[in-house]
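Asker: A predicted structure for the sequence below; I have some questions about it.
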Amino acid sequence: MMTASVYPMLKGAVIGCGFFAQNHLHAWRDIAGVEIVALCDGNAERLQASGKLFGISKLYSDASTMLAQEALDFVDIATTVGSHRTLVEMAANAGVAVICQKPFAQSLADAHAMTACCAAADVPLMVHENFRWQTPILALREALEQGLIGQPFWGRVSFRSAYDVYSGQPYLATDARFIIQDLGIHILDIARCLFGNVAQLSATTRRVNPNIVGEDVATILSTHRNGITSVVDCSYATMLADDPFPQTLVEIDGTEGSLRLLSGYQLQIHNKSGSRIIDCQPPLLPWAERPWHNIQGSVFNIQQHWVECLQEKREPATSGRDNLHTLALVEAAYQSANNQQMTVTIAP
Ligand code: NAD
Ligand code: 89V
């Protein structure tokens, strides 16, 4: 027998109806307790197409008009980074809770201002940092929490591919900052989620693809506050026999064993009890398509988490406050790479 939810239906709006917002919209449609009642995009064609596909009739070209006319519990900002500060502060000043896509802000100073604005308005804020919500990353975290390899002391979080990301996201080829700001930000967040906050780091970058503006290869060496050493390495210039895009591969060494997240979503656990492989295939949601299904599943997971947090008045795992730590690593990595790999100390 179905039981009615004790929580009132949450009413949300999505701002930005581009490439990635389609995943947000599919996930919202499948999550109980929430309804997307309005959409906003300055691009009329995209706005109309998303409204039609998802059966949403309240369509706005301007976010301030939408906020004035709709009674919303939250907005989900899925625009590119240049508009984030304006839109986050606009929603906060209207007293509406905010989800904001990554990269949260163009600078750490902006990010601090945005979190302060939401705190002053007393509105919840979550950065849509979804990679740590991927099925295999959740499994890794559980294995660590269960103490299956004792105390971790070293880790590598790696994303190497030659997948053409530029056709879906053309701005990635023209932005001055590319792989650390766009992808490394996810991989650094996974490293934080697995190994804790970072005390210091150093980084190298290079551009291999001559047809793009920013860097497409980055290697970041971090010392975490608890003494764990990690390497985060990302590349969109790595041609492999079996391109694992968009899988993040992970190696963790601990005092009593090791974990290896291998290609094909296979998690190898080795300790004194022996070796075993756990299949961590993400679900193939009805609207998802390979090879993106792992990311699409994580979109569903993080958005469901947001609904639970709003209902239970909890701070989301990737709150604005939390994400300041990830953004600080992005800034530090560029600072190091631009200054002969200098070691950068991260403020607590
Ligand atoms: P996009 O350019 O395809 O879509 C952005 C849309 O926002 C456009 O349709 C644009 O017209 C609209 N827009 C911009 N400013 C606006 C404003 N002020 N008001 C209303 N609409 C506005 O971009 P995208 O590729 O979908 O990326 C969006 C964000 O999602 C980026 O920050 C990107 O980094 C992020 N992203 C995240 C993931 C992930 O896995 N988390 C994957 C891809 C993209
Ligand atoms: O997160 C992103 O914006 C994407 C992708 C997942 C492909 O890295 O660029």
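Answerer: Looks like it arrived, so ask away. Ligands and ions are numbered 1, 2, ... in the order given.
Asker: who's in contact with the closest residue to ligand 1 within the stretch 1-150 of the chain?
Answerer: Distances between the stretch 1-150 of the chain and ligand 1 by C-beta to the nearest ligand atom are smallest at residue 18, namely 1.9 Å. Using the backbone N, CA and C atoms, a C-beta is placed for each residue, glycine as well. Residue 18 makes contacts with 41, 43, 46, 78, 79, 80, as judged by C-beta atoms under 8 Å, 6 or more residues apart in numbering.
Asker: Next, count neighbours for the fourth one.
Answerer: I take that to be residue 78. Using other C-beta atoms under 10 Å, residue 78 is surrounded by 22 other residues.
Asker: One more: the fifth one?
Answerer: By the criterion of other C-beta under 10 Å, residue 79 has 22 neighbours.
Asker: Surely residue 250 is in a helix?
Answerer: No: read with DSSP: H, G, I helix; E, B strand; the rest coil, residue 250 is strand and lies in no helix.
Asker: And for the residue in the chain that ligand 2 sits nearest to, nearest residue in space, chain neighbours not counted?
Answerer: Closest residue of the chain to ligand 2, C-beta to the nearest ligand atom: residue 183 (4.3 Å). Distances taken as C-beta to C-beta, 6 or more residues apart in numbering place residue 234 nearest to residue 183, at 5.3 Å, with adjacent residues excluded.
Asker: doesn't that neighbour fall inside a helix?
Answerer: No: under the criterion used here (three-state DSSP), residue 234 is strand, not part of a helix.
Asker: Near ligand 2, which residues of the stretch 51-200 of the chain? Just list them.
Answerer: 165, 169, 182, 183, 186 (C-beta under 6 Å from any ligand atom).
Asker: in stretch 273-286, what's buried?
Answerer: Residues 278, 280, 282, 285 are the ones in stretch 273-286 that count as buried (16 or more other C-beta atoms under 10 Å).
Asker: about what we covered before: dump the residues of the stretch 51-200 of the chain next to ligand 2 to TSV, plus neighbour count.
Answerer: Formatted as TSV, those follow (neighbours: other C-beta atoms under 10 Å):
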residue	neighbour count
165	19
169	14
182	21
183	23
186	26
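Asker: Just these: which are in helices?
Answerer: residue 186 (DSSP state H).
Asker: Sketch out the strands for the stretch 51-200 of the chain, chain order is fine.
Answerer: Here the stretch 51-200 of the chain has its strands, by DSSP state E, counting those that start in this stretch, at 58-60, 74-77, 97-101, 125-128, 152-160, 198-206.
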